[in-house]
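model the following, please.
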Amino acid sequence: MMEEAKKSVILVGFMGVGKTTAGALAAQQLDRTFVDIDDEIVKAFDMTIPDIFSAYGEDVFREKERELVEAYCTASNQVISLGGGVFMNDALRRLCLEHGLVVHLDMSWEAWTERLDDIIDTRPVLQKKNVDEIESLFYERKDLYKDHHMKVMTDGLSEEAVAEAIVSAVRTN
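You can find the predicted model right below:
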């Protein structure tokens, strides 16, 4: 059980569900280091994610993402926010499930669409897509997140309540 307690908590879920905000709050409560993989990619390139996509393309972004996920997700005592697309990679999904406690932050499509205007400009994967295409991507990705250890439904919850639900799920695991 002690080894389980040291495993990093790995947050997965669609972009914009609150992995970074709630994850940072949960990390404070759990007295763990918080790591946001997207932030680490931004630091590595010294560019925004849209600029990385524009200058280098999605493949280069995904390769850096893979390197960072492999490095961080095998470490212990962290709360890690993964980018929404990490679980598209089967090997990374298996690595996370084996080495960490994967918490799926889930949200209904109806609740998520209320956030769309706030996040679309910073998410290159959403740009140039209509609402139907985004909805299709939402459900396609949601299917990838079905492999997890715990799930927190975030509809109607504040960031603090989501963090508390993460902490509670981890402590009772």
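
E135: what's it in contact with?
W109 (C-beta atoms under 8 Å, 6 or more residues apart in numbering). No exception for glycine: its C-beta is placed from N, CA and C like everyone else's.

oh, I was asking about D147
So D147 contacts 87, 93, 97, 102 (C-beta under 8 Å, 6+ apart).

and these, which is closest to Y72?
Closest approach between those and Y72, by C-beta to C-beta: V102, at 13.4 Å.

next, the closest one: secondary structure please.
strand (DSSP: H, G, I helix; E, B strand; the rest coil).

before we move on, the earlier item: which among the contacts of D147 end up buried?
Among the contacts of D147, those scoring as buried are 87, 93, 97, 102 (criterion: 16 or more other C-beta atoms under 10 Å).

how about stretch 62-70: buried residues?
Going by neighbour count (16+ other C-beta under 10 Å), the buried part of stretch 62-70 is 62, 64-66, 68-69.

circling back: which one in the buried ones among the contacts of D147 is the model shakiest on?
Here the lowest pLDDT out of those sits on F87, with 92.

just give me the neighbour total for E160.
Per other C-beta atoms under 10 Å, the neighbour tally for E160 reads 13.

and the strands in the protein?
Secondary structure of the chain (DSSP state E): strands at 8-12, 33-36, 78-81, 100-106, 150-153.

so what does the last one touch, helix or strand wise?
Identification of packing neighbours for strand 150-153 by 3 or more C-beta pairs under 8 Å, 6 or more residues apart in numbering; DSSP states H and E yields strand 100-106, helix 159-172.

for stretch 158-173, the distance to its chain's centre please.
How far stretch 158-173 lies from its chain's middle: 15 Å, per C-alpha atoms, centre = their mean, to the nearest Å.

now do stretch 81-100
9 Å.

what's it in contact with?
Outside stretch 81-100, the residues that touch it by C-beta under 8 Å, 6+ apart are 7-16, 19-20, 23-24, 34-38, 41, 62, 65-66, 69-70, 73-74, 80, 102, 125, 141, 144-145, 147-149.

any of these buried? List them.
The neighbour-count test (16+ other C-beta under 10 Å) marks 7-16, 19-20, 23-24, 34-38, 41, 62, 65-66, 69, 73, 80, 102, 125, 141, 144-145, 148-149 as buried among those.

of all the helices and strands packed on strand 150-153, which one is nearest L30?
Evaluated over the helices and strands packed on strand 150-153, closeness to L30 peaks at helix 159-172, with 5.9 Å, by C-beta to C-beta.
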